[in-house]
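**Student:** Take a look and give me a structure for this.
(2 chains)
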There are 2 protein chains.
Amino acid sequence: MSESGLGRVETQLVVLFDGDDELVLESGARLTHVEVAYETYGTLDADGANAVYVCHALTGDAHAAGHHGDPARRGWWDNLIGPGRPLDTDRFFVVCANVLGGCRGTTGPASPDPATGEPYGLRFPQLAVGDLVQVHRALVRRLGIGRLLGAIGGSLGGMQVLQWALDHPGELAGGLVVAASARLSPQNIAFSAVAREAIMRDPDFAGGDYYGNARRPDHGLALARMIGHITYLSEESMRARFGRRIQDAAAPRRGFEVDFEVESYLRYQGESFVERFDANTYLYLTRAMDYFDPFGDAVATARKLAAMDTRFLVLSFDSDWRFSTEHAREIVRALEGGRVAVSFRELSAPHGHDSFLMPVPEYHRTVAGFLERLAVEAAVAPLVAGGG
Amino acid sequence: MSESGLGRVETQLVVLFDGDDELVLESGARLTHVEVAYETYGTLDADGANAVYVCHALTGDAHAAGHHGDPARRGWWDNLIGPGRPLDTDRFFVVCANVLGGCRGTTGPASPDPATGEPYGLRFPQLAVGDLVQVHRALVRRLGIGRLLGAIGGSLGGMQVLQWALDHPGELAGGLVVAASARLSPQNIAFSAVAREAIMRDPDFAGGDYYGNARRPDHGLALARMIGHITYLSEESMRARFGRRIQDAAAPRRGFEVDFEVESYLRYQGESFVERFDANTYLYLTRAMDYFDPFGDAVATARKLAAMDTRFLVLSFDSDWRFSTEHAREIVRALEGGRVAVSFRELSAPHGHDSFLMPVPEYHRTVAGFLERLAVEAAVAPLVAGGG
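**Tutor:** Take a look at the predicted model:
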């Protein structure tokens, strides 16, 4: 049964903060109503000790695995999560939630502000990665999970894992940080800045208050996605997938319309993205990434690392130029400087930053092996015949 | 006097094609009136054999050196051109013209179509790099220059030099191709495609007919420039210039406005660019680059290389990720495959693609040395005391 992955799954909604039980953000701002969309796969052990938390990246959502009715359309990390897969749902209880500020079920800038009943728009407070983590933690408590066996995430997901382990000792046995960064480079920030400019300069942006309007800033958001997408692929993978081939024609059209296959692909990425994503969420989450700098304060870092009891696996991909191996090394150096247990591996894969979403065999073996080790240490009995 | 460079210079205008003496483009389209803006520096020898032609890059113009009245505002390649500089105006007669399709004096999409009196807009014909070269050649003839001692260009400029030498044997003794490519990668095309989308999706683009309007597609053009600019700098140079410093403030503002210095820099680049550049020209010239593939036809290439008598210097910069050294090697391999004399050098400089505009000492020495050799071979007597 492991070949076909998980079957039908459902996204659930839960109110985690409400009224007086408000969420206080790092900025001091408060949210008086926070709903979270999440999915779970597998079964939580009686002792609540077999849970693995999945943190999604910038454009992900709670639907990480299985399907919602059409078995051909599966969650974004379906190749990693399921029976016999590295996040083996025959053994582990896997949780994934749409992040705070998101647009796929969890409270974000498109949600109604309880004070006015109108969508927040840009009145939604600025978010730090640590705020996203606070909401994950509230969900973990609500689900009756004790210490997490592990938390795993790629890109912004990995940043959440890192922040979680630093801020909340005792909560994560293992942290799997994939294709992530502890501090965006100016080039990283530059790409995000241009993407945000594309959104905010779109005349349909309307200062972020476009929710009731006939037109949304689709052009700007599509451009943002196209810019981002170039940074997710490697030059090598672009050569392999598109080369300089012309789309649907024997000879170049030599006009300004889409002609090369790579143009067609990018336009499709942009146009399909606007169907499922909210421009304001793009602004909030990219800005949280820009400011992310969990090791920026040396004194606080030393204190946090001294208290940390999370064992880390840090992975990078050799073709990833968005968060290159140098970003991973920076994380590893910081953790090792605090005598935290870290396994580090640069994996070879041609897909660029997107490699973390791909079924790269060595990658999957490494994740499975690390989780196995965590499970043994946590005395969760491994299945005798499991696959993986 | 060499320290201060050239003095005041003037841009000149000349009509090179008019009426029945029309310019026939590679596409078969015809232009019945072509004016060219150009500058010259130095003095043409009586035998017309000391001329060096400068081909500019995507956003360049005819004003390569000296100044137009304000000595503090100098041409884009002023560090390379002047008395005692590598393109030594005490010895060489240097010519630079705004390219066909440009927006800095030479006929382009903003020029009136003689058939209607209205600006061409997108009715301007598509251009190939070889069309740009045809106009350069007409200028060379008009100036009474025989065989050029050399033609030099960076990026799109280098592409023009390569095309010129391939198509017109006997006209260039030397070709200096800097930070260029013989064939854009899909990633290169992707960045240009997104830049064009930004322009063409701007509501003020008006299908290219914005010239008489109150608003031009400034937002789209600024975005295009910002995207391009990221690819012109290296990650290393961005770290050195900006790091993660905050602009004009002690603490981050943590909003969506410009906060990091790199954001401020990019926004300035975008906003100042629209003051001097035309969006339609950006479309035409980037598209000419996308389709450039002078070695694409093996039979034609073999024939052209067999007839070629140009000696080449091909230079790349180790931090250039727009046209990396691999692009230069591809040019070198193609030329060497045809037994063309090529010197190739990868230079070390931290400025990324923009290195070709910078006074990198080894780069300037290499250019000066190559021109010296060309001059000796062409029996132009070198000055005894020249500097450089």
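**Student:** okay, CA-based contacts and neighbour counts for the rest of this
**Tutor:** Noted.
**Student:** and the worst-scoring helix or strand of chain A on mean pLDDT, what does it pack onto?
**Tutor:** When the helices and strands of chain A are scored by mean pLDDT, DSSP states H and E, helix A:235-241 comes last with a mean of 94. Judged by 3 or more CA pairs under 8 Å, 6 or more residues apart in numbering or on different chains; DSSP states H and E, helix A:235-241 is in contact with helix B:186-200.
**Student:** C-terminal to the helix it packs on, which secondary structure element comes first?
**Tutor:** Next in sequence after helix B:186-200, counting helices and strands by DSSP states H and E, comes helix B:218-232.
**Student:** got the contact list for that next one?
**Tutor:** Residues outside helix B:218-232 that contact it (CA atoms under 8 Å, 6 or more residues apart in numbering or on different chains) are A:187, A:190-191, A:194, A:197-198, A:201, B:191-192, B:194-196, B:198-202, B:204, B:266-267, B:269-271, B:273-274, B:279, B:320-322, B:352-354.
**Student:** What segments of chain A are strands?
**Tutor:** Assignment of strands within chain A using DSSP state E yields the ranges A:12-24, A:30-41, A:51-55, A:81-82, A:87-88, A:93-97, A:148-154, A:172-178, A:311-317, A:342-347.
**Student:** Please dump these into JSON lines; it should also carry mean neighbour count and distance to B:Arg91 for every row.
**Tutor:** Shown next, in JSON lines, are those (neighbours: other CA atoms under 10 Å in any protein chain shown; distance: least, CA to CA, whole Å):
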{"stretch": "strand A:12-24", "mean neighbour count": "15", "distance to B:Arg91": "72"}
{"stretch": "strand A:30-41", "mean neighbour count": "21", "distance to B:Arg91": "72"}
{"stretch": "strand A:51-55", "mean neighbour count": "28", "distance to B:Arg91": "65"}
{"stretch": "strand A:81-82", "mean neighbour count": "26", "distance to B:Arg91": "71"}
{"stretch": "strand A:87-88", "mean neighbour count": "26", "distance to B:Arg91": "71"}
{"stretch": "strand A:93-97", "mean neighbour count": "25", "distance to B:Arg91": "70"}
{"stretch": "strand A:148-154", "mean neighbour count": "25", "distance to B:Arg91": "59"}
{"stretch": "strand A:172-178", "mean neighbour count": "27", "distance to B:Arg91": "58"}
{"stretch": "strand A:311-317", "mean neighbour count": "25", "distance to B:Arg91": "52"}
{"stretch": "strand A:342-347", "mean neighbour count": "17", "distance to B:Arg91": "54"}
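**Student:** Out of those strands, which is closest to B:Arg303?
**Tutor:** Closest of the strands of chain A to B:Arg303 is strand A:311-317, at 43.6 Å (criterion: CA to CA).
**Student:** Give the pairing partners of the closest one; include direction for each.
**Tutor:** Its sheet considered, strand A:311-317 pairs with strand A:172-178 (parallel), strand A:342-347 (parallel) by DSSP bridges.
**Student:** per-residue confidence for A:Ala251?
**Tutor:** Among the per-residue scores, A:Ala251 holds a pLDDT of 85.
**Student:** before we move on, the earlier item: and of the strands of chain A, who's closest to B:Glu26?
**Tutor:** Go through these one by one with CA to CA and the one that ends up closest to B:Glu26 is strand A:311-317, at 44.0 Å.
**Student:** mind showing which ranges of the stretch 51-200 of chain A have poor pLDDT?
**Tutor:** Under the criterion pLDDT under 70, no range of the stretch 51-200 of chain A is flagged.
**Student:** Contact residues of it facing chain B?
**Tutor:** If contact is defined as CA under 8 Å from any CA of the partner chain, the residues of the stretch 51-200 of chain A in contact with chain B are A:Gln126, A:Ser185, A:Pro186, A:Gln187, A:Ile189, A:Ala190, A:Phe191, A:Ala193, A:Val194, A:Glu197, A:Ala198.
**Student:** and these as JSON lines, adding neighbour count?
**Tutor:** Shown next, in JSON lines, are these (neighbours: other CA atoms under 10 Å in any protein chain shown):
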{"residue": "A:Gln126", "neighbour count": "20"}
{"residue": "A:Ser185", "neighbour count": "20"}
{"residue": "A:Pro186", "neighbour count": "27"}
{"residue": "A:Gln187", "neighbour count": "24"}
{"residue": "A:Ile189", "neighbour count": "21"}
{"residue": "A:Ala190", "neighbour count": "26"}
{"residue": "A:Phe191", "neighbour count": "22"}
{"residue": "A:Ala193", "neighbour count": "30"}
{"residue": "A:Val194", "neighbour count": "25"}
{"residue": "A:Glu197", "neighbour count": "26"}
{"residue": "A:Ala198", "neighbour count": "27"}
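**Student:** Quick check: the farthest pair among those residues?
**Tutor:** The distance between the two most remote of those (CA to CA) is 22.0 Å, for A:Gln126 and A:Gln187.
**Student:** how's chain A carved up into domains?
**Tutor:** A:2-183+A:292-377, A:189-286 (automatic domain parsing).
**Student:** Would you mind saying which of these lies nearest B:Ala97?
**Tutor:** B:Ala97 lies closest to domain A:189-286 among the domains of chain A, at 25.0 Å (CA to CA).
**Student:** where do the helices sit along the stretch 251-388 of chain A?
**Tutor:** Along the stretch 251-388 of chain A, the stretches classed as helices by DSSP state H, counting those that start in this stretch are A:261-276, A:279-291, A:298-307, A:325-337, A:361-377.
**Student:** Which strands or helices does the fourth one pack on?
**Tutor:** Counting contacts by 3+ CA pairs under 8 Å, 6+ apart, helix A:325-337 is packed against strand A:311-317, strand A:342-347.
**Student:** Now it: average pLDDT?
**Tutor:** On average, the pLDDT along helix A:325-337 is 98.
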